[in-house]
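# following is a predicted model, sequence given first.
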Amino acid sequence: MAAYTRASINKIGMMNVNTNNLKIVLDGLMRRYQERVPDVQGVIQAMIAEGLISSAADIENDHIAFRTMGVPNLGIRSLEKIFLHFGYQRREPYYFPEKKLDAFWYAPPSPEFPRIFISELRVKELSGRAQEIIYSYTSEVTSDPVDAINLDDAAAVDRFLHSGLWKTPGWSDFQELTAESEYAAWVIYNRYYLNHFTVSVHNLKPGYDTMEGFNAFLERNGFVLNDAGGKIKTSPDGKLAQSSTIARMVNAHFADGVEHAIAGSYVEFAERKLLDPFLHLGKNEIRREHRREGFEAGNADKIFESTYSTQTKKLNQ
């Protein structure tokens, strides 16, 4: 995929940013996500009980993430149009060769909004049979669906992000995809369903403001963490540390009448440390721009596995 510089932004969208509409869209995503992912409310309640926050509104959401299919009319180039319209800026690309994924992250129009991370499956690198299954569903999408939305209508955008882009898959197709790419299987059933949101831990009170301290709090409260690559995934520069819960299983209804538990979504946690020039700043002086920005492919590669069977099976051990 082509690389983009920090100046590579949707200037028209930036001129017409409606932050109220953006808030409506993000609130809609979070509301449905919270309804489906029990760990979200569980983490919030535990944080309130230990005095870390007084309500969910106190949580700083580091980023949210979407998974997509790299097929005609869909994928990153389609979904990103929504967020570019709301003033997000596309930043660095990432590539995950083993998982056959590309990704970009997007910086928000102002600091109160979360970063966005969108990944895309390189479908043409899968086996012929896996491609056949995927295209049997996605070929129903004959034009870019985002082009048909009035992006100034927040309710329409909200509905789109929670609608089925293709027919519900059959259980046998889901199983076949799972055997080759658990990412592909997750997307074929969940479409653009929000994959995770991320609690920023660095601004919490001492004892909880590091990934080590916050993980101890999570495990003390019974949350099971993704240990692929270690429970804490740390960037080579040591400035970005991330952890996540393991996706809990949700009851899925397949087209052939089969009901089966599959991996849902999960919760992520991030600690962004101060950049070296700002280590002298007092806590009240620190702003978002003083901390490590962006993402790390090595961290994200292991975070993806929060929905993989190698992790989800640990919830039943």
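Cool, the structure landed. Numbers count the residues shown, from 1 in each chain.
# just the helices in the stretch 151-300 of the chain please.
Here the stretch 151-300 of the chain has its helices, by DSSP state H, counting those that start in this stretch, at 154-161, 171-180, 182-190, 211-220, 297-303.
# identify all contacting residues around the fourth one.
Contacts of helix 211-220 from elsewhere in the structure, counted by Cβ atoms under 8 Å, 6 or more residues apart in numbering, are 43, 46, 50, 199, 201, 204, 207-208, 225, 231-232, 234, 241-243, 245, 269-271. For every residue, glycine as well, the C-beta is placed using N, CA and C.
# which parts of that helix are buried?
For helix 211-220, a neighbour-count test (16 or more other Cβ atoms under 10 Å) marks 211, 213-215, 217-218 as buried.
# repeat that for stretch 222-235.
Neighbour counts over stretch 222-235 (16+ other Cβ under 10 Å) mark 223-228, 231-235 as buried.
# just those residues: which are in strands?
233-234 (DSSP state E).
# I'd like the buried residues of stretch 222-235 laid out as TSV, including distance to Arg129 and pLDDT.
Formatted as TSV, the buried residues of stretch 222-235 follow (distance: Cβ to Cβ, whole Å; pLDDT from 0 to 100):
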residue	distance to Arg129	pLDDT
Phe223	37	96
Val224	33	96
Leu225	34	97
Asn226	29	97
Asp227	32	97
Ala228	27	97
Lys231	35	98
Ile232	37	98
Lys233	32	98
Thr234	38	98
Ser235	37	97
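# ok so, going back, now the buried members of the contacts of helix 211-220.
Buried by 16+ other Cβ under 10 Å: 43, 46, 199, 201, 204, 208, 225, 231-232, 234, 241-243, 245, 269-271, out of those.
# related to what we said a few turns ago, distance to Asn190 added to the buried residues of stretch 222-235, as CSV?
Below are the buried residues of stretch 222-235 laid out as CSV (distance: Cβ to Cβ, whole Å):
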residue, distance to Asn190
Phe223, 22
Val224, 21
Leu225, 22
Asn226, 18
Asp227, 23
Ala228, 20
Lys231, 25
Ile232, 27
Lys233, 23
Thr234, 29
Ser235, 28
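# and the buried residues of stretch 222-235, which is closest to Glu180?
For those, the closest approach to Glu180 (Cβ to Cβ) belongs to Ala228, at 18.6 Å.
# look up phi and psi at the closest one.
Backbone torsions for Ala228, taken as degrees, to the nearest 10, come to phi -60, psi 120.
# just to check, it is in contact with Thr310?
Yes: between Ala228 and Thr310 there is a contact at 7.0 Å, judged by Cβ atoms under 8 Å.
# ok, now how distant is the residue of the chain lying at maximal distance from its centre from Leu274?
Farthest-out residue of the chain from its mean C-alpha position, per Cα atoms, centre = their mean: His280, at 32.3 Å. Going from His280 to Leu274 by Cβ to Cβ, to the nearest Å gives 9 Å.
# what's the answer for Lys100, then?
In terms of Cβ to Cβ, Lys100 sits 35 Å off from Leu274.
# more crowded one of these two?
Taking neighbours as other Cβ atoms under 10 Å, Lys100 and Leu274 compare with Lys100 leading, 19 against 15.
# got the contact list for that one?
121-122, 125-126, 181, 183.
# show me the residue at the heart of the protein, geometrically.
Nearest to the chain centroid, counting by Cα atoms, centre = their mean: Ala65, 1.8 Å.
# many thanks, I have nothing further to ask.
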